[in-house]
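1. sequence and predicted structure, then a few things I'm wondering about:
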Amino acid sequence: MAGPVIELTEVSRYYYMGEFVIKALDNVNVRIGTGEYTAIMGPSGSGKSTMMHLVGCLDTPTAGTIYIDAEDTSALNEEDLAYLRNAKIGFVFQQFNLLAKMNALENVMTPLMYAGYPMRRRKEIAENALEQVGLGDRMKHRPNELSGGQKQRIAIARALVNDPSIILADEPTGALDSVTGEQIMDLFEKINSQGKTVIMVTHDPEVSGRCKRVINLRDGHIAEDR
């Protein structure tokens with residue numbers, strides 16, 4: 001396996017509800033190499049979404065250490081974490097999370113605005129990303145004018161614009177029909193073939209079957225890693 005782009009060392013995430021402790025993740029160790037294509041599976045409550053949020057630096061562990069590109073994320077302040085998320089991680093969500101009042105191009109340009117790109121360069125990069133996902137002819141359409149598959153392609157283009165090394169996808173086909181889901185999986189395989197590390201949370205065995213590695217979680221522990 002290539003050197004790890006993501007490493008979780010003895011990572012736990014506990015939630016405290018009065019006298020009760022919910023161990024969403026409990027002493028997990030995982031190394032994911034550069035360019036890997038990994039599915040995270042498990043039943044509801046197994047910890048898979050918790051792991052996704054921790055890897056994406058959207059949450060912090062109760063114990064343990066998370067390294068992104070060998071950098072200890074616990075040593076970073078909020079500003080540094082925001083920079084890391086924007087520069088190195090692209091997020092794709094089940095419900096797309098598009099801004100309804102913006103058209104496709106404007107949605108894809110949004111991360112570039114936070115990265116400080118000038119307007120002309122933002123537009124150029126976003127147009128290229130939409131072309132890559134097959135939506136060059138839908139740039140001026142708003143989300144309510146597009147199908148579910150087209151919305152997810154916009155979300156993928158938005159995740160790609162900062163050229164992140166890691167793509168995190170949370171149930172990316174969950175809101176799509178099977179044919180459209182297959183097309184989206186084809187797109188993720190293309191992205192992975194370009195050298196990006198792709199990590200996908202899914203409950204669908206057909207989706208995980210197309211990944212090169214599957215990590216199964218159960219009750220906050222790794223039950224299987226194959």
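-> Received it, and whenever you're ready, just let me know what you need. Residues are numbered from 1 along each chain as shown.
2. can you give me the strands for this protein?
-> Using DSSP state E, the strands of the chain run over 4-17, 20-33, 37-41, 63-68, 71-72, 89-93, 166-170, 197-201, 213-218, 221-225.
3. turn those strands into CSV, columns for distance to residue 106 and mean pLDDT.
-> For every residue, glycine as well, the C-beta is placed using N, CA and C. Shown next, in CSV, are the strands of the chain (distance: least, CB to CB, whole Å; pLDDT from 0 to 100):
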stretch, distance to residue 106, mean pLDDT
strand 4-17, 30, 96
strand 20-33, 33, 96
strand 37-41, 30, 97
strand 63-68, 29, 97
strand 71-72, 32, 94
strand 89-93, 18, 94
strand 166-170, 21, 96
strand 197-201, 26, 97
strand 213-218, 36, 97
strand 221-225, 40, 96
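4. of all these, which one is nearest residue 128?
-> strand 89-93 (14.9 Å; CB to CB).
5. and the closest one, what does it pack onto?
-> Here strand 89-93 touches helix 148-160, strand 166-170, going by 3 or more CB pairs under 8 Å, 6 or more residues apart in numbering; DSSP states H and E.
6. could I have the first one exported to PDB, CA atoms only?
-> Taking C-alpha atoms only, helix 148-160 is exported to PDB below (Å, rounded to 0.1, in the frame of the first residue of the first chain):
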ATOM      1  CA  GLY A 148     -31.000  14.100  -9.100                       C
ATOM      2  CA  GLY A 149     -28.100  12.700 -11.100                       C
ATOM      3  CA  GLN A 150     -27.300  16.200 -12.600                       C
ATOM      4  CA  LYS A 151     -27.400  17.700  -9.100                       C
ATOM      5  CA  GLN A 152     -24.900  15.100  -7.800                       C
ATOM      6  CA  ARG A 153     -22.600  15.800 -10.800                       C
ATOM      7  CA  ILE A 154     -22.600  19.400  -9.800                       C
ATOM      8  CA  ALA A 155     -21.800  18.400  -6.200                       C
ATOM      9  CA  ILE A 156     -18.900  16.300  -7.500                       C
ATOM     10  CA  ALA A 157     -17.600  19.100  -9.700                       C
ATOM     11  CA  ARG A 158     -17.800  21.400  -6.700                       C
ATOM     12  CA  ALA A 159     -15.800  18.900  -4.700                       C
ATOM     13  CA  LEU A 160     -13.100  18.800  -7.400                       C
END
